[in-house]
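Engineer: The following comprises the amino acid sequence and a computationally predicted model.
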Amino acid sequence: MMPSAFDPAAHPKEFLRHLFDVAVKRALPLANTAAFLPKLPKGRTIVIGAGKAGGAMAHAVEALWPQDAPVQGLVVTRYHHTPPRPADLPQRIEIVEAAHPVPDAAGLQAAERMLAMVRGLNENDLVLCLISGGGSALLTLPANGLTLKDKQRINQALLDSGANISEMNCVRKHLSRIKGGRLAAACSPARVVTLAISDVPGDDVSIIASGPTVPDATTCADALAILKRYGIEVPAAVLAQLESGALETPKPGDAAFAGHEIHLIATPQQSLHAAADVARASGLNAYILSDEMEGESREVGKVHAALARAVANGRGAFEKPCVILSGGETTVTVKPLKAGALKGRGGRAGEFCMGLALALQGQAGVYALAADTDGIDGVEDNAGAFVMPDTLAKASALGLKLDDHLDRNDAYGYFAAMNDLVVTGPTHTNVNDFRALLVL
């Protein structure tokens, strides 16, 4: 591995951004798909899928699938997340765009079309399913008794509640006609091969995009408990179906999944290792805490700050100069606004950075980047933010109070004022949170 073109000590911000770019590049579909493509079937090949990497995954299959072998399909991705099509790449798979993180009618229509496309297949046919993070919102098909408006309200409530991704997707599976293995069941008796890019802690394929082609071990009772825990209401008719088990998902061992294959083509851990290799080649120690970190974003930021301060002061288990890396999926509990307060803008990466800056208190020699590898932090146009030793001082000079921004979850406003947002645009992949702390 060649060292970075940026000297970490002379250009810490540029170096951290380079580590992020390396992590993203490691997860791009075209570099990871070829080894997992199945053999050509005797019958038809249908490609379906959903997720923020969906467009790039479809392009990869089109580029790698034999040009003389027929293939068709439909993949849904987030608005503005379809990569430019190479001029010499003929389109064989349709790519449509829909809303994320709250579903819309375009996602519903795509889900309906996908189900229609796989009906009537036989055992000689192949369904290649391309799944990546974000697919839960993009592939929406409400359970009987639910409207799209109901799903939008419930989805937003889950996002605001602080529920983790496993809890959110458990509910989503049981309130859907396509998630939680139901899409695979609709493909039967065709063979299904799922290629997935993981964006979830632990790389549990049943959680990625709510596992549309994967058996679901969670139950209606689990979904009910989560809804109760966070005080989220559902229509009475749907509540009754959950209580009776009528909305149960296909379980492990179901014959609908016989002969199916699932392959993880890119994971958060692989991206963290790629960044660590670059750091070591640049003369730094590199430590990967975990790719499975969860919890309230600002609190996870405070924990990272404690580690970095200990290292900076020669008291930690790690030795400086070093880079401390972590991944996972943190959460943000959106607080009710105080009277007269402006609504905040931001996502979990920015919220992490606010918690980190607050706890670092301007610690000398500590620089950080936190960003979402899909290029979008929440619903904003930034991927994340930087934290520098002078962050608090610069903010104070601008009249910004960190506590005020934390109170209204306004990371975007805080870091934009200092020109410390990480802006990449859509990256066309998604292995979730990336965090790097440089301690010199």
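Structural biologist: That came through, no problem. Numbers count the residues shown, from 1 in each chain.
Engineer: tell me the contacts of the nearest residue to Pro250 once chain neighbours are set aside?
Structural biologist: In space, and not counting its chain neighbours, Pro250 is closest to Gly181: 3.9 Å by Cβ to Cβ, 6 or more residues apart in numbering. C-betas here are computed from N, CA, C, even on glycine. Residues counted as contacts of Gly181 (Cβ atoms under 8 Å, 6 or more residues apart in numbering) are Gly211, Pro212, Thr213, Val214, Pro215, Asp216, Thr249, Pro250, Lys251, Asp254, Ala256, Phe257.
Engineer: The first one: how many residues sit nearby?
Structural biologist: Burial measure for Gly211: 31 neighbouring residues, criterion other Cβ atoms under 10 Å.
Engineer: Likewise for Asp203?
Structural biologist: 18.
Engineer: for the contacts of Gly181, which one is nearest Asp410?
Structural biologist: Nearest to Asp410 among these is Gly211, at 34.0 Å by Cβ to Cβ.
Engineer: What separation do you get for the residue nearest to Pro250 and Gln241?
Structural biologist: To Gln241, Gly181 is 17 Å away according to Cβ to Cβ, to the nearest Å.
Engineer: Asn122 now?
Structural biologist: 32 Å.
Engineer: who has more neighbours, these two?
Structural biologist: Gln241 (21 against 11).
Engineer: about what we covered before: among the contacts of Gly181, which two are most distant?
Structural biologist: So for those, where distance means Cβ to Cβ, the most widely separated pair is Pro212 and Lys251, at 14.9 Å.
Engineer: More neighbours: those two, which one.
Structural biologist: Pro212 (30 against 15).
Engineer: The residue nearest to the more buried one when sequence neighbours are not counted: what secondary structure?
Structural biologist: Spatial nearest neighbour of Pro212, excluding adjacent residues (Cβ to Cβ, 6+ apart): Leu183 at 3.8 Å. Leu183 carries the three-state label helix when classified by DSSP: H, G, I helix; E, B strand; the rest coil.
Engineer: List the contacts of the spatially closest residue to Ala383 that is not a sequence neighbour.
Structural biologist: Spatial nearest neighbour of Ala383, excluding adjacent residues (Cβ to Cβ, 6+ apart): Ala371 at 4.0 Å. Residues in contact with Ala371 (Cβ under 8 Å, 6+ apart) are Phe20, Ala349, Asp377, Ala383, Gly384, Ala385, Val422, Thr424, Asp433, Phe434.
Engineer: In a helix, Cys129, correct?
Structural biologist: No. Counting by three-state DSSP, Cys129 is not part of a helix but strand.
Engineer: Report how many residues lie close to it.
Structural biologist: 29.
Engineer: swap in Ala116?
Structural biologist: 11.
Engineer: try the one 5 residues further on
Structural biologist: Leu121 is surrounded by 20 other residues when neighbours are defined as other Cβ under 10 Å.
Engineer: three-state assignment of Lys149?
Structural biologist: helix.
Engineer: which residue ranges form the helices in the stretch 301-440 of the chain?
Structural biologist: Ranges of helices in the stretch 301-440 of the chain, per DSSP state H, counting those that start in this stretch, are 348-360, 391-397, 402-407, 411-416.
Engineer: cool, and the stretch 101-250 of the chain?
Structural biologist: For the stretch 101-250 of the chain, the helices defined by DSSP H, counting those that start in this stretch occupy 105-118, 135-138, 148-161, 165-174, 182-187, 220-229, 236-244.
Engineer: what's stretch 254-269 in contact with?
Structural biologist: 26-29, 32-33, 35-36, 38, 181, 184-185, 188, 191-199, 203, 205, 213-215, 250, 288, 291, 327-328, 373, 429, 431-434.
Engineer: If any of the residues you listed are buried, give me the ChimeraX selection for them.
Structural biologist: With 16 or more other Cβ atoms under 10 Å as the criterion, this ChimeraX line picks the buried residues out of the contacts of stretch 254-269:
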select :26,27,28,29,32,33,36,181,184,185,188,191,192,193,194,195,196,197,198,199,203,205,213,214,215,250,291,327,328,373,429,431,432,433,434
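Engineer: about what we covered before: and of the contacts of Gly181, the nearest to Gly107?
Structural biologist: Nearest to Gly107 among the contacts of Gly181, with distances taken as Cβ to Cβ, is Pro212, at 12.6 Å.
Engineer: who's in contact with that closest one?
Structural biologist: Contacts of Pro212 by Cβ under 8 Å, 6+ apart are Ala50, Cys129, Ile131, Gly135, Leu139, Ile178, Lys179, Gly180, Gly181, Arg182, Leu183, Ala184.
Engineer: Out of these, give me the one that has the most neighbours.
Structural biologist: Most surrounded of these: other Cβ under 10 Å gives Ala50, at 37 neighbours.
Engineer: Against Ala58, how distant is it?
Structural biologist: 11 Å.
Engineer: for Asp372, same thing?
Structural biologist: Applying Cβ to Cβ to Asp372 and Ala58 gives a distance of 21 Å.
Engineer: next one: Leu342
Structural biologist: For Leu342 relative to Ala58 (Cβ to Cβ), the value is 40 Å.
Engineer: between those two, which one's more packed in?
Structural biologist: Using other Cβ under 10 Å as the criterion, Leu342 and Ala58 rank with Ala58 on top: 28 against 10.
Engineer: for the nearest residue to Ser166 once chain neighbours are set aside, what are its contacts?
Structural biologist: Leaving aside its sequence neighbours, Ser166 sits nearest to Ile207 (Cβ to Cβ, 6+ apart; 5.7 Å). Residues near Ile207 by Cβ under 8 Å, 6+ apart: Ile165, Ser166, Asn169, Val200.
Engineer: The last one - how many residues pack around it?
Structural biologist: This points to Val200. Count around Val200 with other Cβ under 10 Å applied: 26.
Engineer: any idea how far the residue nearest to it when sequence neighbours are not counted is from Lys343?
Structural biologist: Nearest residue to Val200 in three dimensions, chain neighbours excluded: Ile207, at 4.5 Å (Cβ to Cβ, 6+ apart). Separation of Ile207 from Lys343 (Cβ to Cβ): 30 Å.
Engineer: for Leu325, same thing?
Structural biologist: 33 Å.
Engineer: With Leu437 instead?
Structural biologist: In terms of Cβ to Cβ, Leu437 sits 30 Å off from Lys343.
Engineer: Name the spans of this protein whose pLDDT lies under the cut-off.
Structural biologist: Residue ranges of the chain with pLDDT under 70: 1-3, 339-340.
Engineer: Cool, thanks, talk later.
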